[in-house]
Structures are given as C-alpha cells and as structure tokens.
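Student: sequence and computational prediction follow.
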Amino acid sequence: NQTCTLTNAGTSEEATLSMAGCYSGSQADDDVWFEFTATSTVHKITLTPGTIKFPILELFSGTCGSLTSLYCKPDFINNFTIGDLTIGQKYFIRVYAYNAGYGPSGTFTICINEGTGMPANDGCSGAIALTANNASCEVLTSGTLINATGPLTSSCVSEPIRNDVWYKFTATNAEMILKLLNTTFSSAQMELFSGSCGTPTSLACSITSENFLSYTNFTIGQEYYLRVWDRYGSAGTFDLCLSTTLTNDKSDAAVSVALNSNFTCTLKTTGNNSLALSNETSNNSCSAIKDGVWYKFLANNDSLTIELTALTIGSESNFELFHKQGSSLVFQEGQQRKLFKTNFVIGNEYYILVYTCNSYPPSRGTFELCVRNFPPPPANDRCVNALPLSVNPNLSCSLSTSGNTTNALPGDYASCSGEVDDDVW
C-alpha cells in the first residue's frame, strides 16, 4: 500500500568506499547497500534522513558484479517513483553522504511502496496516439503527470526524469510542431524519438518555457514517440497539439494582403505565427528568425503605409519589406509598427515578413497588417517648398505661422536628434 508501516533503518557511519559517487561532486566514502525484490512494475522509494547530511541515493539493476545504475539523486527531492521494473527481479540501493569525512555520515530510513494510479501512458509501451492537425491546434490531446513515474535518463537534461508520460504519432509532413497548452505545472519539457520503445533514438528536445518542439526532417508515414515531463517532478495536467507548420512560413507560400485604396485601414489582414517554423536571417539586427510568416501585395500607389498591430504577439514583433525583382526578394526597409515609403513601383509585387525580434523563447501570437495609401503630404514637406515665416519687428508674436506635420513624409537626413519621419519646412 501507500503507507510506510514497514521501514528500513540504515546508517553510513564507519562505512567505506565501494565505488565512485554517481552525483557530480559527491564523495561516496561512506556508502552502504540494500536490496529488494520488486513486487510490482512500479515502486515508490522514500529516503528520510536522520543524522546523515545531504544523502545521495542510487538505484541499480543487475548483480553485484555487473550493476546498471537506474537512478542517482540527492535526497532533498525526498522520494521518487520508478516504473518499468520486472516483478520478481532483485534491485540494489546504495546510500551515502554527499561530502567526504566522518561528520556528514549518519542515520536514515528507507520506505518502499507499490505504486498505484499511474496514467495508462506511464511507459513507452502504453503511448497514446496523437491526432495530427493541419496548421492548427483544433484537435488537442489531454494529458496528466499525476502519479506518473520515472526516473529515466535523457540526452536533453543531466538530471533524471521523475514523471514522464508517452505519446506516439505518424508523421504527415516533413516539418511538424508539438506544442503544450494549458499546463498546470511550471517546467514542462519534451523529447522526440524515432525507432521503437526498445531502441528509441532521440531526435529533438524542448526544455525552455516556450513548451514548443519542432522537427524538420520527419519521414512521412513513419511512427515517432514523444515523452512529456516536468523538470522538478511536479504533477499536473496539460493539452498537447500536434500540427503541420503554417504554409506561409516560407516566402513562396506568402499570403496575399488586402489593399486599401484610400487613406484608412478598412481592410486588415489577420495573421498568426504561433505555428510558424522559419529559418531566416534578419536585416534588423535581430537574431535568427525562427517564427517568421510571409505576406505579399501588388503596389497600387507609389506611396504606401504599412502598419503592424500586435494583438497577442509579443511587443518584440517586427516586420521587413522586400521588393520582388525577378526571382529574388530585395530587402527595402524594416520597422516595428509603421513604415512609410514613397518609391513603390505600381504593379510590382512586394513581400512582408513578420516575426519576433530577439525574444527567447519567441513571443508568438496574432497580429493585424494594414497596407493603405496615405494622404498627400503638406505642401512644405520638402526643403524646396519651404513656407515663408513672418518676422515680428519687436518682441511680441503678433505675427505667427501655423504648421502641421500630419501626413508628412520621412526626411532625408537628421543633423540634430530623433527620427525624422514627419518633417516639414
């Protein structure tokens, strides 16, 4: 059961070194050993320190002459649950104090319980099948880490995994995304595998707070495995999305933008880069673009305004404008929210790339794009059309000249300070 009616007392005092320590920096000069026979495929093991200081617990399978380490962790974690055990097989536990010398050695107790209530997909053999979405997260698969077991090693992280659950899916595209949503635990992590449960091959990891894993070399029709866990062993629930990437995360699949023929943003194009998977080089001194999406339009005026309005996308969002010349996209200008440009070639095709700049993890989300004409600039928008100023013959301002920078175009240079995007003369 789940009580600790039966406990096992131990002490590392006067013990000597049997083998090197398993935890980084630890000195196993006082290790002692225990053995137990598994009565279930899952056991919970709890070490309660007495006088021992900073105890390390290591679990082994095999025999004393040929041991395989299954778990190694300092016991400030207190307990762990391990699955995939073989009923009737003997396992070994050793305990020692992290620091060397007689002082850290001391007493402790060990309690072993049979595990109960594990999720059906607690092990790879019980992996739950995911449904692949087409550039969306309409179909979600609910999951839980409550009572999930471990610990297993991972090429993604150095510490053992304490509570993983497993999923499987068949690739429908060479580029796909796995995204965790609605998590009730704070440090979700994921690992992607090819192969089989017996011989899995790690392909990719997600160990950031983005809860986002992508891979660009899937074999269509092949089965893959995914495991999900919390870095600190916390339990909780989540939803999992499997999807192909957005089609317009490549320039050759750019989405057409609605063009306004007047000075307002009556027509807007809504975008979303949540499932984008790009690999572009930024022209705005940003790091490599990983979440860019592409849009295009045919210029209907030689002077246009492009506006990006952030909805759920992060404040670090930017856009870049390109002119299509032959088969090439030639960079024109980049801005964060609004771009005024006066030398568009009417009838030529232009491209817009929207992305988040220097945000890690990328702050993906929704936004709106507006491309519109802008009203004629003031008559004195350029130096050659400077308006005359009235000069007062005294210290009063009985003669004054009104001015307005509304719709003024960017200037050619700035010899003072600030951004000359609306100067008049």
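Tutor: Yep, it's here.
Student: need the strands for the stretch 251-400 of the chain, in chain order.
Tutor: Ranges of strands in the stretch 251-400 of the chain, per DSSP state E, counting those that start in this stretch, are 255-256, 269-272, 293-298, 304-310, 317-325, 328-335, 338-341, 349-356, 366-373.
Student: quick one: closest of these to S66.
Tutor: For S66, the closest of these is strand 349-356, at 51.6 Å, according to CB to CB. From N, CA and C alone the C-beta is placed, and that goes for glycine too.
Student: tell me the buried residues in that closest one?
Tutor: Neighbour-count burial for strand 349-356, counted by 16 or more other CB atoms under 10 Å, picks out E349, Y350, Y351, I352, L353, V354, Y355, T356.
Student: mind putting those into CSV with pLDDT?
Tutor: Output for the buried residues of strand 349-356, formatted as CSV (pLDDT from 0 to 100):
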residue, pLDDT
E349, 96
Y350, 97
Y351, 97
I352, 97
L353, 96
V354, 95
Y355, 92
T356, 89
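Student: out of the residues you listed, who's nearest T270?
Tutor: V354 (11.4 Å).
Student: shouldn't that closest one be in contact with N273?
Tutor: Yes - look at V354 against N273 with CB atoms under 8 Å: they come within range, at 6.5 Å.
Student: mutual contacts of these two, please.
Tutor: G292, V293, F367 (CB atoms under 8 Å, 6 or more residues apart in numbering).
Student: downstream of the helix or strand of the chain with the lowest mean pLDDT, the next helix or strand is which one?
Tutor: Taking mean pLDDT, DSSP states H and E as the measure, the chain has strand 79-82 as its least confident helix or strand, at a mean of 76. Following strand 79-82 in sequence order, the next helix or strand is strand 90-97 (DSSP states H and E).
Student: okay, and for the stretch 51-200 of the chain, where does confidence drop off?
Tutor: Where the stretch 51-200 of the chain drops to pLDDT under 70, the residues are 75-79, 151.
Student: what about the strands in it?
Tutor: Going by DSSP E, counting those that start in this stretch, the stretch 51-200 of the chain shows strands at 55-63, 66-74, 79-82, 90-97, 107-114, 128-129, 132-133, 141-144, 165-170, 176-181, 188-195, 200-206.
Student: circling back to that earlier point, show me what the least confident helix or strand of the chain is packed up against.
Tutor: strand 43-49, strand 66-74 (3 or more CB pairs under 8 Å, 6 or more residues apart in numbering; DSSP states H and E).
Student: looking at the ones you listed, spot the one closest to S105.
Tutor: Going by CB to CB, the one of these nearest S105 is strand 43-49, 11.4 Å.
Student: counting contacts, what elements does that closest one pack onto?
Tutor: Looks like strand 43-49 contacts strand 55-63, strand 79-82, strand 107-114 (3+ CB pairs under 8 Å, 6+ apart).
Student: list the buried residues in the longest one.
Tutor: Going by neighbour count (16+ other CB under 10 Å), the buried part of strand 55-63 is P55, I56, L57, E58, L59, F60, S61.
Student: so what's Q89 closest to, chain neighbours aside?
Tutor: By the measure of CB to CB, 6 or more residues apart in numbering, the closest residue to Q89 outside its immediate chain neighbours is A38, 5.5 Å from it.
Student: can you give me the neighbour number for the one you found?
Tutor: Each residue near A38 was counted by other CB atoms under 10 Å, and the total is 18.
Student: ok, V424 next?
Tutor: V424 has 21 nearby residues by other CB under 10 Å.
Student: so it sits against A408, correct?
Tutor: Yes - counting by CB under 8 Å, A408 is a contact partner of V424 at 5.2 Å.
Student: who touches both of the two?
Tutor: Residues touching both V424 and A408 (CB under 8 Å, 6+ apart): P378, D381.
Student: show the contacting residues for S61.
Tutor: Contacts of S61 by CB under 8 Å, 6+ apart are L67, T68, L70, Q89, Y91, F92.
Student: swap the cut-off to 10 Å and go again
Tutor: A38, L67, T68, S69, L70, L85, T86, Q89, K90, Y91, F92 (CB atoms under 10 Å, 6 or more residues apart in numbering).
Student: would you mind measuring from the third one to E159?
Tutor: Translated: T68. Noted for T68: a distance of 18 Å to E159, by CB to CB, to the nearest Å.
Student: surely N272 touches L369?
Tutor: No - N272 lies out of contact with L369 (CB atoms under 10 Å); the separation is 11.5 Å.
Student: ok, back up a step: hmm, the residue nearest to Q89 is touching F92, no?
Tutor: No - proximity of A38 to F92 does not meet the contact threshold set by CB under 10 Å, at 11.7 Å.
Student: I'd say C357 and L308 touch.
Tutor: No - using CB under 10 Å, C357 makes no contact with L308, being 11.8 Å away.
Student: what do those two both touch?
Tutor: Contact criterion CB under 10 Å, 6+ apart; residues shared by C357 and L308: S317, N318, F319, Q336.
Student: can you say which of those are buried?
Tutor: Neighbour counting over these (16+ other CB under 10 Å) leaves S317, N318, F319 as the buried ones.
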